[in-house]
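Engineer: build me a model:
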Amino acid sequence: MRIGILNELAYRMNFLVQLLQSGMSLLTALVGFLVVFSHTETLGDWRPNDILALLGVYLIVGGLVGLLIRPSMSRLMEDVREGTLDYTLTKPEDAQFLVSIAQVRIWKLTDFVLGSIVLGYALFNRGLDVGFDETIAFAVTLTCGGAIVYSFFLILSTLSFWFIRIDNILVIFDAMYQAGRWPIGLYPYWLKFVLTFIVPIAFAITVPAEGLIGRLDAQTLGLDIGVATLMIAVSRLFWRYGLRNYSGASA
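Structural biologist: Below is the predicted model:
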């Protein structure tokens, strides 16, 4: 984190750029929100403040992904391509742990802060009706969602051991992540399946939001925990298998 902060402070204009980008993303989402609810009082069975809470979670998760997960995985792909992953593999610490914290983009915290403000505003409008059960459900599902997204990114990045340039594959996640601004249940079945089990947007955004506003059932919670556990195990095994196919600069 310290090294990441020092690196980012060398380019402080990036903070203003990130602030502008985050503000535009929030403004775009809010315009869509206002347009939709100017024609209806509910969307599916989601009320306006529920959608606003979902938007807050969307920004928070996006900020956390941009803060650590995406930059570290992009760095991994670059190191594999250039053969500089050797320096990581020769260190005494676990290589997966090291590549997972290799890069920190602190300016992405602006998304986290804006998301927290939006979420707090939505909960305030709901009357702050969040109890102990909802808080625990939110914490558990947000942790599981983060683990699922991390595992998804690690699996994609591990493919770089076989394919030279796959950086653009992360663009697919960015494009589909935009769908997380709205509840996954509103989409057609085929798209709902893709956003749940192929690109895990539902587990990262919709499920935590449901837990916070009291819409989460025990079956979905169990599925979330099970998928997170499975994804962590699969990504770890795939990472170890991928390392066997790595040919670095000194190999």
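Engineer: need the per-residue pLDDT for Leu128.
Structural biologist: With respect to pLDDT, Leu128 scores 70.
Engineer: on the three-state scheme, it is what?
Structural biologist: Under DSSP: H, G, I helix; E, B strand; the rest coil, the three-state class of Leu128 is coil.
Engineer: next one: Tyr246
Structural biologist: Using three-state DSSP, the three-state assignment for Tyr246 comes out as coil.
Engineer: and the closest residue to it other than its chain neighbours, how far is that from Asn168?
Structural biologist: Once flanking residues are discounted, Tyr246 sits nearest to Phe161: 5.3 Å by C-beta to C-beta, 6 or more residues apart in numbering. Using the backbone N, CA and C atoms, a C-beta is placed for each residue, glycine as well. As for Phe161, its distance to Asn168 is 17 Å (criterion: C-beta to C-beta, to the nearest Å).
Engineer: so where do the helices sit in the stretch 51-200 of the chain?
Structural biologist: Secondary structure of the stretch 51-200 of the chain, counting by DSSP state H, counting those that start in this stretch: helices at 70-82, 86-89, 95-100, 109-125, 132-158, 169-177, 189-193.
Engineer: least reliable of these going by mean pLDDT?
Structural biologist: Mean pLDDT is lowest for helix 169-177 among the helices of the stretch 51-200 of the chain, at a mean of 79.
Engineer: wait, which of the helices of the stretch 51-200 of the chain is closest to Pro48?
Structural biologist: Closest to Pro48 of the helices of the stretch 51-200 of the chain is helix 109-125 (C-beta to C-beta; 8.3 Å).
Engineer: which residues does the closest one contact?
Structural biologist: Helix 109-125 is contacted from outside by 15, 18-19, 22-23, 25-26, 49-50, 52-53, 55-64, 66-67, 130, 212, using C-beta atoms under 8 Å, 6 or more residues apart in numbering.
Engineer: which among those end up buried?
Structural biologist: 18, 22, 25-26, 49-50, 52-53, 55-64, 66-67, 130, 212 (16 or more other C-beta atoms under 10 Å).
Engineer: just the CA trace of stretch 195-202, in CSV.
Structural biologist: The C-alpha trace of stretch 195-202 is given here as CSV (Å, rounded to 0.1, in the frame of the first residue of the first chain):
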residue,chain,number,x,y,z
LEU,A,195,-24.3,-12.3,-15.1
THR,A,196,-24.6,-14.8,-12.3
PHE,A,197,-22.5,-17.8,-13.3
ILE,A,198,-20.3,-16.7,-16.2
VAL,A,199,-19.4,-13.1,-15.2
PRO,A,200,-20.4,-13.0,-11.5
ILE,A,201,-22.0,-9.5,-11.3
ALA,A,202,-25.0,-10.7,-9.4
